[in-house]
Structures are given as C-alpha cells and as structure tokens.
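Colleague: here is a sequence together with a model predicted from it:
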Amino acid sequence: MSVLSRGFRRGRSQERSDGRLPPGQYDAGDGFPVLSAGPTPSTPLDRWDLTVHDETGERHRWSWEEFRVLPREAVSVDIHCVTTWSKFDTRWEGVSLDTLLQDAPTTARFVLAGSDGGYTTNLPLDDVTGGRAWVVDTYDGRPLAPEHGGPARLLVPHLYFWKSAKWVRRLTLLPHDRPGFWETFGYHNHGDPWLEQRYSGD
Amino acid sequence: MAGTALQRRLTWLTAQVRDNRSESPSVHRLVLDVPGWPGHRAGQHVVVRLTAEDGYTAQRSYSLASPPEEPDLHLLVARLDGGEVSPYLTDELRADDQVELRGPIGGFFVWSAAADRRDAQEGRRPVQLVAGGSGVAPFAAMLDHHRRTGSPTRLRLLYSASTQEEILARDVLGPETTVTLTRGVPAGWSGEAGRIDADMLRRRTFPPDEDPRIFVCGATMFAEAVSSSLLDLGHSPSSIRIERYGSSGEPS
C-alpha cells in the first residue's frame, strides 16, 4: 500500500520497547515544543477566574485563590501532540474535572473548553470525567509557564494535546457536540492518538 | 478566532519528486508533482510521510512555499543535523523518487486574494508578514500569490535571516520585503542588521493605527519575542496569527 522510502531508517532516538509510543509519534525527549495559533496572553492572577457554564448561564466561578484551595491531584502522564512528538512521564498538579463538574446536569454530554485569546476545543463529557482530565497550574513542580498555558491549562493526556487547551478560563456543558477551533479547521473531532485520529476522516 | 469550516477527508497522496535542490547552505527546495492535489491557500501546510522497509513510518509537517497558482508543490526543508526526517529529505531524496503526503492542512494561518475581494472591509486592512529563518516558507507562497493575482491588498514582509547566504525564496522577494541579517552584514548591505525588536518593528512594519492583519512564522523563541513586541506596540492580540515550529524538541 504505502510508498517505501528507499534507504529511510528509524532514527535511533525514536526506538521505545515498552509500547508507550502511539503509532506515527516520536519521543521528544527532554524537549517541550510549543504550539499555539496566537500570541501568548497575560491575564493577571487577580483578574483570572475559571467558570463552568451550561446553556442557561454560569453555574460556578472560582477566583485564582478559590481555585488554588480546591482538592488537588498530582499526576504523571505521557502526552502526545498531533504534530507527532510525544513526551513521557510529564508531572502536573491541578484540579480534577470530576471535582469541577461534579454537579453537571444530566442532560450534559459534551464540554466546550474556552481560553484567553479565543481558542476553543470540544470534548465528550465521558472523556473528561472518571479521573482522565484536569485543570493544571503546575508543571514539573513549578508554576506553569505562560507559553505552555499558564496560569492554568486543561490536561487531557489520553487525547492529542490540542485538546488540552492552554490558558483555559471556561468550561461549557452542552447536550450536543460543537466543534472547537482546530476541529473546524479539519482536525479530528475526537483525537485519540492510539487510533491516529489526527485529521478529519482518520 | 473564527474561521471557515473545513471537514474534508485528508487522504494520503503519492508525490513524485521533480527536483531537490539546494536553496541555501542549510535548506533544500523540494519540488513535488502531486496527482490529485485538491488545491490549497497560501499559508497552509502538508504532512510528509516516510516509510522504512521494516514498515516504520515517520511524519513531519511542512508549510507550502508555492502559491495556489503553481501546479507543483514546493517545500523548503531545513536540514537539522541528527534529525530523523529532514536529512533524508535533503540528502537522500532524488528526482523521480516518491514520497507520501496529505493536505492541505490549516485554515487559520492563510491569506487569499480572492477572500479580500469578497470582503472589502477586511481587504482594506494591510497584511504584515514577519518571518524568522525557514519560517519564510508560507510567506513565499503569499508573496507569489499576491503578485500573480495582482492583488491590491497592501502587503509587507520583515524577514530575519542569519546571513546573506541563508536568505530563502529570493525569486519572490521584492520591494515589499525588508531583510535583517542577524550574524553580520556584508559590505554595502542596505537592509537591516540584528534581531527583530520593537524598534525595528516600529520602523519597518504597518503601525497599529492601520489595523494590519499580522502573520508571524518562525521558531518558538522568535515567535514569542516578535508577538510580545507587537503587543507592546499596541497591536491587538486578535490581529496576530502565529505559526511556530521546532523549539526545544528533538531535531527532526
């Protein structure tokens, strides 16, 4: 089927024998590439908040101080970017979406995450509950750097990393799916790296 | 950050290499013939896939350096020492070889003369391009597209290259372009010298009161520095679109 590339060989650093590298990915090692479509926003912490909305309006709002005293979890996870780098054993701290969305209305099936700068991404509720998603403010023991999404970003490690919206400020609960920013530009609606759901139609 | 919806299936196409030539000491220009190519807009990119004999595959993204009007697809590939894919593309790939690619991808970092004709209000806003190194690739497509369509949209490029020898896409650089050299200038150089900073942006780019649409493309450090200087000058965040690449990852 596929066209063989005469003389092309796997790079040495790309080998991993433990089955943790999804198809088509390579190990970025110590690097942590940065990708985003617009400038890095800078919201002062005294003006930062995180809100949960549903179709009828705001359900919850946490200021930075209120967010920081919510029950916290520390996680160590592998992350996979659609541009084909993966990074292993990344350490984060933050608040589980199980905590933030614990009284979600029963009609809610999807979440649209919204960020400073206007970025959005859509996720099924089932993908962000059950201990599979967090809003994190700490990376590798230090406050999350602005270019990596600080002060706080979404972390949904089992999906391609564009779903882990940087600079997240709002989670909107919806009964129906609504494509986010990259999803309307031809990226896959779900984004499972193990199924290589990179682009529309994969 | 609104955009037109694009929900089209992206299939792998077989590209025939027409030419693989040196563009500068560190960059090659790949010229590809891609039967079935659906067309693209200036600024979009493709994913190139290589397959080894043992079935191992590697994919990398490259901006298209050629405009929609050009039937062949041109890629500018920077050779990264120790990389897995780029040395193969620059050093091994020859005319008549085949590679797989799919695209076009990305509908945000694009400029189109036709869209400016349809939307007169948007079309009156000038277009400011700011490139670092091989980040000039999507802008080569935009400049060529601008010229071939005779577009009335005002357009400028500020382009940072390390040395004169590393200036890419010279055939499409015209009076709209200012080049700055960061590692020394030759005798008689009439362009800028040194890294792009707020002062150079003030002198060489459209000011905020002209409300330009700004596109920035380059390595992460470059894109962060340029976009934060643009914000300091008073440009609005929503007027700035960024394509970043490389950075601290493994060479590829």
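Modeller: Yes, it's here.

Colleague: which pLDDT value goes with B:Cys130?
Modeller: In this structure residue B:130 is Val, not Cys. Looking at B:Val130, its pLDDT is 98.

Colleague: hmm, it is touching B:Val216, no?
Modeller: Yes. At 4.7 Å, B:Val130 counts as touching B:Val216 under the criterion of C-beta atoms under 8 Å. For the C-beta atoms, the positions are set from N, CA and C on the backbone; glycine is no exception.

Colleague: who touches both of these two?
Modeller: Listed as contacting both B:Val130 and B:Val216 by C-beta atoms under 8 Å, 6 or more residues apart in numbering or on different chains are B:226, B:230.

Colleague: who's more crowded, these two?
Modeller: More crowded of B:Val130 and B:Val216, by other C-beta atoms under 10 Å in any protein chain shown: B:Val130, with 30 against 27.

Colleague: helix or strand for that one, which one?
Modeller: Using DSSP states H and E, B:Val130 sits in strand B:127-132.

Colleague: burial count for the closest residue to B:Leu155 other than its chain neighbours?
Modeller: Counting by C-beta to C-beta, 6 or more residues apart in numbering or on different chains, B:Val127 is the residue found nearest to B:Leu155 once chain neighbours are left out, at 4.5 Å. By the measure other C-beta under 10 Å, the count of residues near B:Val127 is 22.

Colleague: nearest spatial neighbour of A:Leu4, chain-adjacent residues omitted?
Modeller: Residue nearest to A:Leu4 in three dimensions, not counting chain neighbours: B:Thr51, with 5.5 Å by C-beta to C-beta, 6+ apart.

Colleague: for the residue positioned nearest the centre of chain A, give me the pLDDT.
Modeller: The centroid of chain A falls nearest to A:Ser164 when counting by C-alpha atoms, centre = their mean (1.0 Å). Note for A:Ser164: predicted pLDDT of 97.

Colleague: again, but for A:Gln197
Modeller: At A:Gln197, the model reports a pLDDT of 96.

Colleague: not counting its neighbours along the chain, what's nearest it?
Modeller: Nearest non-adjacent residue to A:Gln197, counting by C-beta to C-beta, 6+ apart: A:His188, 4.0 Å away.

Colleague: quick one: low-confidence parts of chain A?
Modeller: A:1, A:12-15 (pLDDT under 70).

Colleague: okay, now the sheet partners of the longest strand along it, with direction.
Modeller: Using DSSP state E, we find that the single longest strand of chain A is strand A:85-96. Applying DSSP bridges, strand A:85-96 is found paired with strand A:26-27 (parallel), strand A:73-80 (antiparallel), strand A:134-139 (antiparallel).

Colleague: do you know how far A:Ser63 is from chain B?
Modeller: Counting by C-beta to the nearest C-beta, to the nearest Å, the gap from A:Ser63 to chain B is 23 Å.

Colleague: that residue against A:Thr51, yeah?
Modeller: No. The criterion here is C-beta under 8 Å, and A:Ser63 misses it with A:Thr51 at 10.4 Å.

Colleague: more neighbours, those two?
Modeller: A:Thr51 (16 against 13).

Colleague: what residues does that one make contact with?
Modeller: Contact analysis of A:Thr51 by C-beta under 8 Å, 6+ apart lists A:58-62, A:169-171.

Colleague: return the closest of these with respect to A:Asp30.
Modeller: Distance ranking of those against A:Asp30, using C-beta to C-beta, places A:Arg169 first at 30.0 Å.

Colleague: any idea how many residues pack against that closest one?
Modeller: A:Arg169, neighbours per other C-beta under 10 Å, totals 19.

Colleague: now it: which helix or strand?
Modeller: In the assignment (DSSP H and E), A:Arg169 maps to strand A:168-174.

Colleague: how about the strands in the chain?
Modeller: Since you didn't name a chain, this refers to chain A. All strands of chain A, identified by DSSP E, fall at A:26-27, A:49-54, A:57-63, A:73-80, A:85-96, A:110-115, A:120-124, A:134-139, A:142-143, A:153-155, A:168-174.

Colleague: try chain B instead
Modeller: Counting by DSSP E, chain B has these strands, from start to end: B:13-24, B:27-33, B:45-51, B:57-63, B:73-78, B:98-105, B:127-132, B:155-161, B:177-181, B:192-193, B:213-219, B:240-245.

Colleague: what residues does the stretch 51-200 of chain B have near chain A?
Modeller: Within the stretch 51-200 of chain B, the positions near chain A by C-beta under 8 Å from any C-beta of the partner chain are B:51-54, B:56-61, B:83-84, B:88, B:92, B:97-100, B:102, B:105-109.

Colleague: those residues, buried ones only, as a ChimeraX selection?
Modeller: This is how ChimeraX selects the buried members of those, with burial counted by 16 or more other C-beta atoms under 10 Å in any protein chain shown:
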select /B:51,52,56,57,58,59,60,61,83,84,88,99,100,102,105,106,107,108,109
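
Colleague: quick one on the thing from earlier: distance to B:Val226 for the strands of chain B - can I get that in a markdown table?
Modeller: Shown next, in a markdown table, are those (distance: least, C-beta to C-beta, whole Å):
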| stretch | distance to B:Val226 |
| --- | --- |
| strand B:13-24 | 21 |
| strand B:27-33 | 20 |
| strand B:45-51 | 20 |
| strand B:57-63 | 17 |
| strand B:73-78 | 19 |
| strand B:98-105 | 23 |
| strand B:127-132 | 5 |
| strand B:155-161 | 9 |
| strand B:177-181 | 12 |
| strand B:192-193 | 14 |
| strand B:213-219 | 5 |
| strand B:240-245 | 9 |
